[in-house]
Structures are given as structure tokens and as C-alpha cells.
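Chemist: the following block contains a protein sequence and its predicted model.
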Amino acid sequence: DAGITQSPRHKVTETGTPVTLRCHQTENHRYMYWYRQDPGHGLRLIHYSYGVKDTDKGEVSDGYSVSRSKTEDFLLTLESATSSQTSVYFCATGTSGGGAQYFGPGTRLLVL
Amino acid sequence: GDSVTQMEGPVTLSEEAFLTINCTYTATGYPSLFWYVQYPGEGLQLLLKATKADDKGSNKGFEATYRKETTSFHLEKGSVQVSDSAVYFCALSGAPSGGSNYKLTFGKGTLLTVNP
């Protein structure tokens, strides 16, 4: 495993509040990813990073922003949480853009 | 764009039965192919991979062969155990000659339940 941790593991918040999820890796992998997992949709990419300060949008990026100020940390921010963002969020890392990805344990987010 | 289609299940088998989960893909260039497994309450774990045509990935008794002519990467296991109960995801990653270089495209997952 890639030594990936996510925090918090569980969070309940209210509509309209900002939320930040953290992904931390100890493997010095260049690439980092944020996915959300929802029943019937599988995994969908939110944002990804291909280096420090280098990020790009995935297929469901609206309402989310990311930052990567150092190799080991990748933050996902919900700027104003909505109930549609209730989901399980997974961070992943990889050594190359086209290679295997290694997943963290996930964060369960409930937006009331 | 790239896409992955896998049988959605659920698939229910008895212990020691033979398992096949079908996966087909659409991609430009020469993608790498993966199978991931997700146990309840956990993240995805890489199960096996294949990076070029005719490669066979294998791990823990599971196998899948990269078939470029049929654009398929079916997962098989000869004798399943109760502990194999999980959700299985097929995925592809675009290669530098085409497709997406930076992300995986996943199928929607197949729930496997193995009964004793």
C-alpha cells in the first residue's frame, strides 16, 4: 500500500458551510487524485494533481477546489457544501499518469 | 472518450464455484488495464493489472488477460471463497499515444457475494 491517510474519516456538516478534506501520503508519489463514490455512479474523478501546485479538473469538479502546496498533501475543499455532495470521498496516488493508483481509506461526508 | 463496461451484478456464487466478471473497454491508443477490489467500508485495492495486449495479470488466484482484439479484460477465478465477497472494479488508463494520461476510467463495479 502507498501509505495514504485521509482526514477526517467521517464528517457531518450543514448545507452552506465550507468543508476541507485532507489526503496525506508518505510514498512521495507525484500524482494525487480525489474521487467521489456514489451508488449507481461508481467512482468519479473530481480533481487531480500532477505535481506541487499543478492541478486540473476531473469530470465532476463543480463546487470543489483543490490545493497541493507540498508533495505529501492534497486538500479538497467544498466551498459551500450542498446535500448533493453527500458521498464517500477517496484520495488516490500514483507514480505515473498512466499507471496504477493506490487508494486511501475514504471519508464519509454527510451534508444535512 | 474512454469508457469501461462491466457486468453490474450482483453475482451470487457458492464457495468453490468458478467466477467470471466480464469487462470490455473503449479507448484510444494502448491503455493499461486494471482490476480493483473493494471490501465493505474500505478503499479500493489493486488486484491485478496488464499493460499490453496478451498480458495476463494474476494475483490471489484471480486472473485476467488483456485481449486487444475483443477489447476485453475479463476477471476469472477457479474456486471462489467466502472471503472473496466484495465489489470488483475494472479500470483503464490511457497511454501516451492517446486517451487520458492522468486518470483512470472505472466501470461501475460488480458486487460479488460468495455463500458457504
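Modeler: Yep, it's here.
Chemist: select the helix or strand of chain B having the lowest average pLDDT value.
Modeler: strand B:104-106 (a mean of 88; mean pLDDT, DSSP states H and E).
Chemist: doesn't residue A:90 make contact with residue B:43?
Modeler: Yes - with contact defined as Cβ atoms under 8 Å, residue B:43 reaches residue A:90; the gap is 5.7 Å. Glycine gets a C-beta too; all of them are placed from N, C-alpha and C.
Chemist: coming back round to it: need the residues that contact the least confident helix or strand of chain B.
Modeler: A:42-43, A:45, A:101, B:1-4, B:27, B:34, B:36, B:89-94 (Cβ atoms under 8 Å, 6 or more residues apart in numbering or on different chains).
Chemist: returning to that earlier point: common neighbours of residue B:43 and residue A:90, please.
Modeler: By Cβ under 8 Å, 6+ apart, the residues touching both residue B:43 and residue A:90 are A:103-104, A:106.
Chemist: contacts with chain B among the residues you listed, please.
Modeler: Applying Cβ under 8 Å from any Cβ of the partner chain to the shared contacts of residue B:43 and residue A:90, one finds that A:103-104, A:106 fall near chain B.
Chemist: separation between residue B:13 and residue B:36?
Modeler: From residue B:13 across to residue B:36, the span is 19 Å (Cβ to Cβ, to the nearest Å).
Chemist: where does chain B come near chain A, residue by residue?
Modeler: Neighbours of chain A within chain B, by Cβ under 8 Å from any Cβ: B:31-32, B:34, B:36, B:42-46, B:49, B:89, B:93-96, B:101-104, B:106-109.
Chemist: buried ones from those, can you make that a PyMOL selection?
Modeler: To isolate in PyMOL the members of these that are buried, counting by 16 or more other Cβ atoms under 10 Å in any protein chain shown, one can use:
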select buried, chain B and resi 31+32+34+36+43+44+46+49+89+93+94+95+101+102+103+104+106+107+108+109
